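S.K.: Show me the folded form of this:
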Amino acid sequence: MTERLDIGAPHCIAPLGARLGEGPLYDPRDNTLYSLDIKGGKIFRTDLATESTETIVAPGMVSALALTKSGGFVCAMRNGFARLQIEDGAARITPIIDPEADAPVNRFNDGKADPQGGFWAGSMDDSEKSVTGSWWRLAPDGSVAKIDDGYHVTNGPAFDPQRGRVFLTDSAKQTVFAAKSDGAGISDKRVFLQFGAGDGYPDGMEVDAEGCLWIAFWDGACIRRFSPEGELLAEAKLPVPRPTSVAFAGDRLFVTSAAIGLDDAALKPAPLSGGIFCMELSRKLEVAARYVEDAALM
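M.R.: Prediction:
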């Protein structure tokens, strides 16, 4: 039985007004939260000690970040995978590979480092009209492999190494899949959670230190926590309709959000849309940071 968890009220630590705030990533090496405005072309660096945020111009459409062993990041961009370095407030990109060079309508979306040192990222039709999305893995040796396909809007992944599985979301279909995974691929994929009218759309997600899955719900104005078996354990409301993703740092949970697509009537009661929110938790749920093994990618 999962112990009761108390979730504090959300407070906005960075009222950024991001069009498509996404990809929160905690770096324990300097107690910093990185996040993105995918459509606004920005990278945000938030010092969690002072809750001050630096805005860095992104050199292209950056949609997901992962820490690397050597420092810096591997990222997903509109056109594939790249290394990213931030120095003196400026970001520099070194392309690695574009596995979908033959799919010009697609862009990459969400992604994360896996427990084996690789980097997963999902693609999607940028106009969200066609079901052309796939999941790809960049391996530590620089090779790239397709993991799965047939997705409308990819989000995730979220890794559960204790149970040897990964969660993958198709937001447009309101479906979260679970599959066995050893890092290099998946097997026994099944529907883990299916949502419907009034639930919102499952967006970014993360597995906590107890193996529970946290999901941000676009147009659901909330985050939800599910047990390893898929039971709803908790729901926490946010003062914005479009929370997009989550990240842990100690006993705190951080949530990104989006303002894109909201008209004046929708923004009036939710002026902090596009900001980053923090919630205090009654115990530490942070998982150990994962790093991409990048010696062969340099």
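
S.K.: if I read this right, residue 258 contacts residue 20, doesn't it?
M.R.: Yes: between residue 258 and residue 20 there is a contact under C-beta atoms under 8 Å: 4.9 Å. Where you see a C-beta, it was placed from the backbone N, CA and C, and this is true even at glycine.

S.K.: what sits in contact with each of the two?
M.R.: By C-beta atoms under 8 Å, 6 or more residues apart in numbering, residue 258 and residue 20 have these common neighbours: residue 244.

S.K.: neighbour count winner among those two?
M.R.: residue 258 (28 against 23; other C-beta atoms under 10 Å).

S.K.: Can you name the residues that contact the more buried one?
M.R.: 18-22, 218, 242, 244, 273-274.

S.K.: so residue 40 touches residue 19, yeah?
M.R.: Yes: contact criterion C-beta under 8 Å: residue 40 and residue 19 qualify, at 4.4 Å.

S.K.: So residue 288 belongs to a strand, correct?
M.R.: No: counting by DSSP: H, G, I helix; E, B strand; the rest coil, residue 288 falls outside a strand, being coil.

S.K.: For burial, what's the neighbour tally of it?
M.R.: Around residue 288 there are 9 residues (other C-beta under 10 Å).

S.K.: tell me the pLDDT at it?
M.R.: For residue 288, the pLDDT comes out at 91.

S.K.: Distance check, it against residue 196.
M.R.: Distance of residue 288 to residue 196, computed by C-beta to C-beta, to the nearest Å: 35 Å.

S.K.: do the same with residue 43
M.R.: 35 Å.

S.K.: buried set for stretch 169-185?
M.R.: Taking 16 or more other C-beta atoms under 10 Å as the basis for neighbour counts, the residues of stretch 169-185 that come out buried are 169-179, 181, 183.

S.K.: go on, stretch 226-246?
M.R.: 226, 228, 234, 236, 238-246.

S.K.: Quick one: end-to-end length of it, please.
M.R.: End-to-end distance for stretch 226-246: 14 Å, by C-alpha to C-alpha, to the nearest Å.

S.K.: pLDDT, secondary structure and distance to residue 50 added to the buried residues of stretch 169-185, as TSV?
M.R.: As requested, these are exported to TSV (pLDDT from 0 to 100; DSSP: H, G, I helix; E, B strand; the rest coil; distance: C-beta to C-beta, whole Å):
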residue	pLDDT	secondary structure	distance to residue 50
169	98	strand	33
170	98	strand	38
171	98	coil	33
172	98	coil	38
173	98	coil	41
174	98	coil	38
175	98	strand	40
176	98	strand	35
177	98	strand	39
178	98	strand	39
179	98	strand	40
181	95	strand	38
183	77	coil	36
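
S.K.: From those, pick the one nearest residue 159.
M.R.: Nearest to residue 159, judged by C-beta to C-beta, of these is residue 181 at 7.5 Å.

S.K.: quick one: contacts of stretch 42-62?
M.R.: Contact partners of stretch 42-62, identified using C-beta under 8 Å, 6+ apart, comprise 13-14, 16, 18, 31-39, 41, 65, 75-79, 84, 86, 89-93, 107, 249, 252, 276.

S.K.: Buried ones among the residues you listed?
M.R.: Using 16+ other C-beta under 10 Å, the buried ones in the contacts of stretch 42-62 are 13-14, 16, 18, 32-39, 65, 75-79, 84, 86, 91, 93, 107, 249, 252, 276.
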